[in-house]
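*Asks:* Mind folding the following:
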Amino acid sequence: MYTTPELREHGGADAYLRNCVSREVLDLLSSKWVCLVVGALADGPLRFGALRRRLDGITQKMLTQTLRELERAGLVDRRVFATTPPQVEYSLTPLTRDLVVLMEAFRVWAEQHGEEIREARERYDARAAEPRRVVSTP
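*Replies:* Coordinates of the predicted model:
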């Protein structure tokens, strides 16, 4: 988002400025696991085990780290039930509801265009592996 110079003077957010707090938010949200955790919790609360099963390939350590970061940022609530053993449930906060739409759009776009991206990478890698040719002008 572009912030005009007039807004900068009044403390408006501008992610292009190095000290803008929005950069920290962008850093958090740019994680694939954050995107997938938010998407998995969009339909309602899940316990840790169910969330881990839903996110194929995530390690326990990475899921724990991601959930802690989201909880710290106020995007996920952690609820502990007094059972033996204790049950923990994670859910999205009201702040995250708007974010769900964006994360869903990213996921859908990635699913729709993943093959095109893979093919483009293969073409690039094939070109990069070719010997460089010097083009001379007459």
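*Asks:* Helices of the chain, start to end?
*Replies:* All helices of the chain, identified by DSSP state H, fall at 5-9, 21-29, 32-41, 48-54, 60-72, 97-129.
*Asks:* among the ones you listed, which is the most enclosed?
*Replies:* Mean neighbour count (mean count of other CB atoms under 10 Å) peaks for helix 32-41 among those, with a mean of 20. Placement of C-beta: from N, CA and C, glycine included.
*Asks:* quick one: average pLDDT of that one?
*Replies:* Averaging pLDDT along helix 32-41 gives 96.
*Asks:* by contact count, what packs against that helix?
*Replies:* For helix 32-41, the elements it packs on are helix 48-54, helix 60-72, strand 87-92, helix 97-129, judged by 3 or more CB pairs under 8 Å, 6 or more residues apart in numbering; DSSP states H and E.
*Asks:* Can you check which of these gets nearest to Asp27?
*Replies:* The closest of the helices and strands packed on helix 32-41 to Asp27 is helix 60-72. By CB to CB, the value is 10.0 Å.
*Asks:* same for that closest one, what does it pack against?
*Replies:* On a contact count with 3+ CB pairs under 8 Å, 6+ apart, helix 60-72 meets helix 32-41, helix 48-54, strand 76-81.
*Asks:* Please repeat the previous calculation with a cut-off of 6 Å.
*Replies:* helix 32-41 (3 or more CB pairs under 6 Å, 6 or more residues apart in numbering; DSSP states H and E).
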